[in-house]
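**Q** Got a predicted model here, sequence first, then my questions.
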Amino acid sequence: MRFLSLAPTNLRRHKLRSSIGAAGIAFGVAAMLSILSLVNGAIGMFERILSTDSHYLVFERNVSDLFFSSVPDSAAAQIRAMPNVASASRLLFGVVSSPGFPVITCFGIDNDDPRLAKARWIEGDRTAFGQHAGEVYLGSRAASFLKAHLGSEVPIGARRFRVAGVFKTANGFEDGGVFMPIEEARRFFHREGVSSLIAIKLRDPSKGDAFKQTVLRRFPTLSALENREFNSTYNSFRILRTTAWAVGACAFILGGLGVANTMLLSVFSRIREIAVLRVCGLSRAQIAAMILAEALAVAAVGLCGGLALGALALAILPRIPEFQGYLQAQAGFGVLGGICATALVTAVAGALYPAWFATRIQPAEALRYE
Amino acid sequence: MSDNDAPLIRVSNAWKSYDGGRVPVLRGVSLQVRAGETVALWGSSGSGKSTLLHLLGGLDLPDQGQVSVCGMDPGGDRARLELRRRHLGFVFQLHNLIADLNVEENVRIPALAVNRPRDETDRRVAALLGDLGLAHRRRHRVQDLSGGERQRAAICRALCNAPRVLLADEPTGSLDEETAATVFALLQGLARREGIALVIATHERRFAEACDRMLGLRHGVLHDD
């Protein structure tokens, strides 16, 4: 394998060309890392909203998105009365707007919702939640971009609400969101008597299957899923994840074409040299391995650069005020491993034709015209 | 005839043409070369000298006839590769060194192809560079060398794997008169000292005449001149 020591030399002699190839991979890696991390972060935040202090989620069966789910209060009451149910928190999702901020997540919740207790209250008192009509509570980032504080009025939709409290949560969606007592939210969204979902905490989680079967039997229009099961099957999450991988893959295809172009130019400009290497005893397989090693070296440099670039982007993007704190990166080993594997596979795929071309060079033909 | 006297190169009635037979280059060439023998292929440009060297080196195949080098028939890919790796060295008119490698790195390329142990390669390369007066230039880049030094580096590379046959295609063609004479003398001396069969294609009569045998190649036919 010592002949592979020729690969770095070949890359060094055309630094600009090699750098362009590596940059193609780097941008692909950075794009994929950013997109996947942000999508995973968004999904993670949404998952945590749903799974706060709960084991199961009950929602309307066969809805494309939870925003369109309607669980009637009658069902919520019956579920809450089940012997194994410790608590059943109703949650109504909506999207509201305020001048200059067209999309703000809104949560309609009960007074005893666990997230009120878990939040760090900056202004106001959680025990007053839902005591007065026309009041909203703001996550700290929402209070910041709406320039609101305790007692001030904020325009939401066609109405104005008094801010009755500001609290800080670790979840970007919640921290950039508006909270209303569920009855207030129902009036605002014209969805009286229903919730988007009910988050269920069981007394004995090991009897979750029995709970699920009971719900499915008694409420044919509803679905009950364990949190983990919900996260892996929820359509919107799947679409988001698939889209993220698809967009990232497109970025990689462009990077792969860059590698292919770099390696082809490299081979075309070295036809005579490759012929001499063949004359010196390098086999076709060694020539191919040398070209592939060059491509892998380009990919490795691009991968490192791309990871650094992506990390920089992920550090900067969530700080941009226009994103209202809704961006939160989450990159696990699976994502990083997938990106590394994709980068290397892309580089090899991009170098296959140049490598094949290099092995077909006939020394006699290439050396005939000196 | 002992094994030592057996020809290292045997060509029997070799024919070669290009462009689907429309351009005949070699017409029934036969040739034998023994170890330590220097043979000049002498002829004008386009007479087929390089083509014959390519057949000997397994870089090309004859249309008809037999070629055997070091007892191997370079008909198959594997045999040709083994020949080039173990038994053959090439020197070209242009040095064909890799510009971004230094002299030593260029010389050790054939050793890389066969994964020869590094210390063994180091010793061989150092000896060759010393013999050919390039020891002080071993870390220098190709572009920093004179024409004669480049050609000497190319000869070192050709000898790296201790070949039994050295094929030189106009090795003095791009050098001035004095340097050409030095390089030619070097090749001839090496061949005699190390028992290498040297086949040198040249259009310079003075070098051809200095070889053990001078074979003229005219219209694709080999003549004992």
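**A** Happy to help now that I have it. Numbering: from 1, shown residues only, chains lettered A, B, ... in the order given.
**Q** mind checking which helix or strand of chain A has the lowest mean pLDDT?
**A** Counting by mean pLDDT, DSSP states H and E, the weakest-scoring helix or strand in chain A turns out to be helix A:227-233, with a mean of 76.
**Q** Mind listing what's buried along the helix or strand that that one is followed by?
**A** Heading C-terminal from helix A:227-233, the first helix or strand you meet, by DSSP states H and E, is helix A:235-268. Residues of helix A:235-268 classed as buried by neighbour count (16 or more other CB atoms under 10 Å in any protein chain shown): A:237, A:240, A:244-245, A:248, A:251-252, A:255-256, A:258-264, A:266-267. Glycine gets a C-beta too; all of them are placed from N, C-alpha and C.
**Q** tell me which parts of the stretch 251-370 of chain A are close to chain B?
**A** A:272-273, A:276-284, A:286, A:362-364, A:367-368, A:370 (CB under 8 Å from any CB of the partner chain).
**Q** and with 10 Å instead?
**A** Residues of the stretch 251-370 of chain A found near chain B (CB under 10 Å from any CB of the partner chain) are A:270, A:272-273, A:275-286, A:290, A:362-368, A:370.
**Q** What segments of the chain are strands?
**A** Using chain A. Along chain A, the segments classed as strands by DSSP state E run A:56-60, A:71-72, A:85-98, A:101-109, A:120-124, A:135-139, A:153-156, A:159-168, A:178-181, A:194-195, A:197-202, A:222-226.
**Q** I was after chain B.
**A** Ranges of strands in chain B, per DSSP E, are B:9-18, B:23-33, B:38-42, B:64-69, B:88-91, B:165-169, B:197-202, B:213-218, B:221-224.
**Q** Those: which one's closest to chain A?
**A** Closest to chain A of the strands of chain B, according to CB to the nearest CB: strand B:88-91, at 5.1 Å.
**Q** could you pull out the helices for chain B?
**A** With DSSP state H, the ranges of helices along chain B come out as B:49-56, B:77-82, B:103-107, B:109-113, B:118-131, B:147-159, B:177-194, B:205-210.
**Q** Can you say which of the ones you listed is nearest to chain A?
**A** With CB to the nearest CB as the criterion, chain A lies closest to helix B:109-113 of those, at 3.5 Å.
**Q** by contact count, what packs against that closest one?
**A** helix A:271-279, helix A:284-316, strand B:88-91, helix B:118-131, helix B:147-159 (3 or more CB pairs under 10 Å, 6 or more residues apart in numbering or on different chains; DSSP states H and E).
**Q** can you put these in JSON lines and add mean neighbour count and mean pLDDT?
**A** Formatted as JSON lines, these follow (neighbours: other CB atoms under 10 Å in any protein chain shown; pLDDT from 0 to 100):
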{"stretch": "helix A:271-279", "mean neighbour count": "22", "mean pLDDT": "91"}
{"stretch": "helix A:284-316", "mean neighbour count": "20", "mean pLDDT": "92"}
{"stretch": "strand B:88-91", "mean neighbour count": "27", "mean pLDDT": "92"}
{"stretch": "helix B:118-131", "mean neighbour count": "16", "mean pLDDT": "91"}
{"stretch": "helix B:147-159", "mean neighbour count": "24", "mean pLDDT": "91"}
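**Q** between these, which one is nearest to residue B:27?
**A** strand B:88-91 (24.5 Å; CB to CB).
**Q** give me the number of residues near residue A:317?
**A** 15 (other CB atoms under 10 Å in any protein chain shown).
**Q** Just list the residues touching the most centrally placed residue in chain B, thanks.
**A** Central residue of chain B (CA atoms, centre = their mean): residue B:167, 1.6 Å from the mean position. Applying CB atoms under 10 Å, 6 or more residues apart in numbering or on different chains to residue B:167 gives the contacts A:279, B:9, B:41, B:50, B:52-54, B:56-57, B:59, B:69, B:88-92, B:158, B:197-201.
**Q** again, 8 Å this time
**A** Residues counted as contacts of residue B:167 (CB atoms under 8 Å, 6 or more residues apart in numbering or on different chains) are B:53, B:56, B:57, B:88, B:89, B:90, B:91, B:199.
**Q** Of all residues in the stretch 151-300 of chain A, which one is closest to chain B?
**A** For the stretch 151-300 of chain A, the residue closest to chain B is residue A:281, as judged by CB to the nearest CB, at 3.5 Å.
**Q** who's in contact with that residue?
**A** So residue A:281 contacts B:81, B:84, B:85, B:110, B:113, B:114, B:161 (CB under 8 Å, 6+ apart).
**Q** now, which of those residues sits nearest residue A:43?
**A** Of all these, residue A:43 sits closest to residue B:113, with 52.4 Å by CB to CB.
**Q** low-confidence ranges in the chain?
**A** Assuming you mean chain A. Flagging of chain A using pLDDT under 70 yields the residue ranges A:1, A:322, A:324-326, A:368-370.
**Q** right idea, wrong chain: chain B
**A** Residues of chain B that meet the criterion pLDDT under 70 lie in B:1-4, B:225.
**Q** which parts of chain B sit against chain A?
**A** B:50, B:54, B:57, B:59-60, B:77, B:81, B:84-85, B:90, B:92-94, B:96, B:98-101, B:105, B:109-110, B:112-115, B:118, B:157, B:161.
**Q** Name only those of these that count as buried.
**A** Buried by 16+ other CB under 10 Å: B:50, B:54, B:57, B:59-60, B:81, B:84-85, B:90, B:92-94, B:96, B:98, B:100-101, B:105, B:109-110, B:112-114, B:157, B:161, out of the residues of chain B next to chain A.
**Q** Test my guess that residue A:25 contacts residue A:255.
**A** Yes - counting by CB atoms under 8 Å, residue A:25 touches residue A:255, with 4.5 Å between them.
**Q** what touches both of these two?
**A** Common contacts of residue A:25 and residue A:255 (CB under 8 Å, 6+ apart): A:302, A:343, A:346.
**Q** Reformat these as a markdown table; add distance to residue A:66.
**A** Shown next, in a markdown table, are the shared contacts of residue A:25 and residue A:255 (distance: CB to CB, whole Å):
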| residue | distance to residue A:66 |
| --- | --- |
| A:302 | 39 |
| A:343 | 35 |
| A:346 | 36 |
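**Q** what's the closest of the residues you listed to chain B?
**A** residue A:302 (21.7 Å).
**Q** Could you find the closest non-adjacent residue to that closest one?
**A** Excluding the flanking residues, the one nearest residue A:302 by CB to CB, 6 or more residues apart in numbering or on different chains is residue A:25, at 2.7 Å.
**Q** number of nearby residues for that neighbour?
**A** With other CB under 10 Å as criterion, residue A:25 counts 33.
**Q** swap in the one 10 residues further on?
**A** When neighbours are defined as other CB under 10 Å, residue A:35 has 19 of them.
**Q** check contacts around the nearest residue to it once chain neighbours are set aside.
**A** Nearest residue to residue A:35 in three dimensions, chain neighbours excluded: residue A:244, at 4.9 Å (CB to CB, 6+ apart). Residue A:244 makes contacts with A:35, A:36, A:39, A:40, as judged by CB under 8 Å, 6+ apart.
**Q** now do residue A:200
**A** Contacts of residue A:200 by CB under 8 Å, 6+ apart are A:54, A:55, A:56, A:57, A:58, A:79, A:85, A:87, A:88, A:211, A:224.
**Q** Mind putting the residues you listed into TSV with distance to residue A:129 and neighbour count?
**A** Below are the contacts of residue A:200 laid out as TSV (distance: CB to CB, whole Å; neighbours: other CB atoms under 10 Å in any protein chain shown):
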residue	distance to residue A:129	neighbour count
A:54	19	22
A:55	24	19
A:56	24	24
A:57	22	25
A:58	23	27
A:79	23	22
A:85	22	20
A:87	16	17
A:88	18	23
A:211	28	24
A:224	27	22
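**Q** what pairs with the residue lying closest to residue A:225 once chain neighbours are set aside across the strands?
**A** Nearest non-adjacent residue to residue A:225, counting by CB to CB, 6+ apart: residue A:57, 5.7 Å away. With DSSP bridges applied, residue A:57 shows beta-bridge pairing to residue A:199, residue A:225.
**Q** Relative to residue B:154, how far out is residue A:57?
**A** As judged by CB to CB, to the nearest Å, residue A:57 and residue B:154 stand 76 Å apart.
**Q** Fine by me, we can end here.
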